[in-house]
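1. kindly return the folded structure for what I paste below:
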Amino acid sequence: MNPVVTPGDALPPLEIPITRTLIVAGAVASRDYQDVHHDAELAREKGSPDIFMNILTTNGLVGRYITDHLGPRAVLRKVAIRLGAPNYPGDTMTLTGTVTDVERETVRIRVVGANGLGHHVTGTVTVALPTEPTEPTESTGVTS
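-> From the prediction side, this is the model:
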């Protein structure tokens, strides 16, 4: 059963400790091998105080935040985010969300991820919440 959501509902905040492991693992998992996401010395040579999280990791964390709240039947249709302050190791990002629109099965949620420097991520997530249970489909395997 889908959770009841109405415009103005606030999702509970989610605190995510930003560790070197999270930053590097997220970059590797998303095949982003830019040195600024895994090599602190090279990141400093390029003007950053340390390695920082890539956008694909942030995108995944935002998606997880929404689906963890709305349940396993929630289907992300669109994640439109914009990055601001970098996520450096040792910081904490707190994700918050507010339901802005509900139209039949479609829910739009405004998301903000803040860290010690300001807003790391802002954006809107569009989610489908199917109202009818999905039936398993028959096998279409070839038989002899």
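2. CA atoms for contacts and neighbours, from now on please.
-> Fine.
3. distance-wise, check the residue most central in space within the chain relative to residue 126.
-> Among the residues of the chain, residue 62 comes closest to the average C-alpha position under C-alpha atoms, centre = their mean, at 1.6 Å. Using C-alpha to C-alpha, to the nearest Å, residue 62 is found at 12 Å from residue 126.
4. restrict whichever helix in the chain runs longest to CA atoms and write it as CSV.
-> Counting residues, the longest helix found in the chain (DSSP state H) is helix 55-70. This file holds the C-alpha atoms of helix 55-70, laid out as CSV (Å, rounded to 0.1, in the frame of the first residue of the first chain):
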residue,chain,number,x,y,z
ILE,A,55,27.0,14.4,-8.8
LEU,A,56,26.1,10.8,-9.6
THR,A,57,26.6,9.8,-6.0
THR,A,58,24.5,12.7,-4.9
ASN,A,59,21.8,11.8,-7.4
GLY,A,60,21.8,8.2,-6.0
LEU,A,61,21.5,9.4,-2.5
VAL,A,62,18.6,11.7,-3.4
GLY,A,63,16.8,8.8,-5.1
ARG,A,64,17.4,6.6,-2.1
TYR,A,65,16.0,9.2,0.2
ILE,A,66,12.8,9.4,-1.7
THR,A,67,12.3,5.7,-2.3
ASP,A,68,13.1,4.8,1.3
HIS,A,69,10.3,7.1,2.4
LEU,A,70,7.7,6.2,-0.2
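5. and it, what does it pack onto?
-> Judged by 3 or more C-alpha pairs under 8 Å, 6 or more residues apart in numbering; DSSP states H and E, helix 55-70 is in contact with helix 20-29, strand 75-83, strand 118-128.
6. excluding its backbone neighbours, what's nearest residue 13?
-> For residue 13, ignoring the flanking residues on the chain, the nearest one in space by C-alpha to C-alpha, 6 or more residues apart in numbering is residue 96 at 4.7 Å.
7. my bad, residue 108
-> residue 126 (4.5 Å).
8. ok, the one you found - contacts?
-> 76, 77, 78, 79, 106, 107, 108, 109 (C-alpha atoms under 8 Å, 6 or more residues apart in numbering).
9. tell me the two of the residues you listed that are most distant?
-> Spatially, the most separated pair among the contacts of residue 126 is 79 and 106, at 13.2 Å (C-alpha to C-alpha).
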